[in-house]
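A.B. asks: turn this into a model:
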Amino acid sequence: MKVAVVGATGMVGQVMLKVLEERNLPITELIPVASERSVGNKVKFKDKEFTIVSMNDAIAVKPEIAIFSAGGGTSLEFAPKFAEVGTVVIDNSSAWRMDPAKKLVVPEINANVLTKEDKIIANPNCSTIQLVMVLHPLNQKYDIKRVIVSTYQSVTGTGKAAVDQLNSEIEYSVNGESQIKGESPEKVYPYQIFKNALPHCDIFADDDYTKEEIKLMKEPKKIMGDDTFNLTATAVRVPVQGGHSESVNIEFENEFDLEEVRKILSETPGVVLQDNVKNNEYPMPLYSEGKDEVFVGRIRRDLSQPKTLNLWIVADNLRKGAATNAVQIAEYLVANNLV
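C.D. replies: Sure, this is the predicted structure:
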C-alpha cells in the first residue's frame, strides 16, 4: 500500500511520520511530498531515507491514501487531483470541513459514516477533536443543550515560526538578545506571546469572532450529527510549547450524576480521566505532549444553574488534534476495506 504524506517537512507532517512509524498501517511505500524548494531532500521513516517528491510526481504514482497537512489552498488545488486517480485524501486543513458533501471524522465518534465513495475526508480542527471526544458520550446520555468553551492554545497550533517567536522572546528575556539562529525569527503574532495571552487565534471574521472560534462552534455539530444544541467559544493563544487546554461549561437537557459522568468518561475509548483534586491530579499540557489520548478533569457541578457541568480538557494538538486522528482514519479505511 502506497501512502503519500503531503506537507512532510512541516510541523504536523513530521509528527505524522512519527505516528505512522509507531502504528501498524501496512505501508509498503512512503511518498513524502513537500513544496518545490524541498523536492529532492530526504526524510527518515522506519530507519530508511525517502526522497521528497513534487505534488505531480506523487499523483502520478497513484497512492492508495494521501494524508494532507499543507494548508487550505494546497488542499483545494490538489486534493481533487489525487481523488481523480483513485487516491483517498485525508485532509488536515479547514478547506473541506464544512462542505456538505465531505465527511468530517473523529474515528471514535463517527467513522461509520465513511464509504468507498468518500475520496476526500476532512480531519477536524485540533481544538474541536479534543472537545467532541468528551462532549459526544455525555450528549448520548444527558442530551446537551448548550456549550461554552474557552481555549488555551499552544503556539505549535500556529506552526514552527510561532515556536521560534516564543523561544526567541524567552531568549531575549534571559540574555537581552535573541540567540536563535543568530537572528530574530519572523514575528507571526501581532504582539509578544511570551508572558502574554492573545485572545486572537486565526483571523477575525465580520462578526468579530475568530476563524478558530467559528470552527469550534460549527464542527462539533457536524461530527456528532446533532444540530439541536448551541455552542459558543473564545479562543486564546498562550505561551505554551505544545498541548491545547479547554475550559468547558455544558448545560444538559437532563439531570446528571457526577460519579456517573466520571464513569462514562473513564470508559470512553481515547479519553483518560484525571480528576483527583485532593492529590492535585488534573490534566495539563505539559504531560499531554507526545500522547494520543484526550485528558479530562476538574469535573464539577456549575453552582450557578441546574443541569450544568464544568470540566477541563487537554490534548496534544499535533497528535490527537491532527496527526493521530488522520492516521486513525486511514487505519479505519484499511480495516474496513474502504481503500
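A.B. asks: T151: which element?
C.D. replies: Mapping T151 onto the secondary structure by DSSP states H and E places it in strand 144-153.
A.B. asks: who touches that strand?
C.D. replies: Strand 144-153 is contacted by residues 126-127, 131, 135, 138, 197, 201, 212, 216, 220, 226, 229-238, 240, 244-253, 285, 307, 317 when judged by Cβ atoms under 8 Å, 6 or more residues apart in numbering. Using the backbone N, CA and C atoms, a C-beta is placed for each residue, glycine as well.
A.B. asks: any idea how far the helix or strand following that strand is from the middle of the chain?
C.D. replies: Of the helices and strands lying after strand 144-153 in sequence (DSSP H and E), the nearest is helix 160-175. Distance of helix 160-175 from the chain centroid (Cα atoms, centre = their mean, to the nearest Å) equals 24 Å.
A.B. asks: how about the secondary structure of H200?
C.D. replies: Per DSSP: H, G, I helix; E, B strand; the rest coil, the local secondary structure of H200 is coil.
A.B. asks: check it and give its pLDDT.
C.D. replies: Note for H200: predicted pLDDT of 97.
A.B. asks: now do P107
C.D. replies: As summarised for this prediction, P107 has a pLDDT of 98.
A.B. asks: from the chain's centre, how far out does the strand holding T151 sit?
C.D. replies: For strand 144-153, the distance between its averaged C-alpha position and the chain's averaged C-alpha position is 16 Å (Cα atoms, centre = their mean).
A.B. asks: again with stretch 214-225
C.D. replies: In this view, stretch 214-225 has its centroid 13 Å away from the chain centroid, taken as Cα atoms, centre = their mean.
A.B. asks: if we can go back for a sec, list the buried residues of the strand holding T151.
C.D. replies: Residues of strand 144-153 classed as buried: I144, K145, V147, I148, V149, S150, T151, Y152, Q153 (neighbour count, 16 or more other Cβ atoms under 10 Å).
A.B. asks: likewise for stretch 286-302?
C.D. replies: S288, E289, K291, D292, E293, V294, F295, V296, G297, I299.
A.B. asks: before we move on, what about stretch 49-62?
C.D. replies: If you call a residue buried by 16+ other Cβ under 10 Å, then stretch 49-62 has these buried ones: F50, I52, V53, M55, A58, I59.
A.B. asks: and these as JSON lines, adding secondary structure?
C.D. replies: Conversion of the buried residues of stretch 49-62 to JSON lines gives the following (three-state DSSP):
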{"residue": "F50", "secondary structure": "strand"}
{"residue": "I52", "secondary structure": "coil"}
{"residue": "V53", "secondary structure": "strand"}
{"residue": "M55", "secondary structure": "helix"}
{"residue": "A58", "secondary structure": "helix"}
{"residue": "I59", "secondary structure": "helix"}
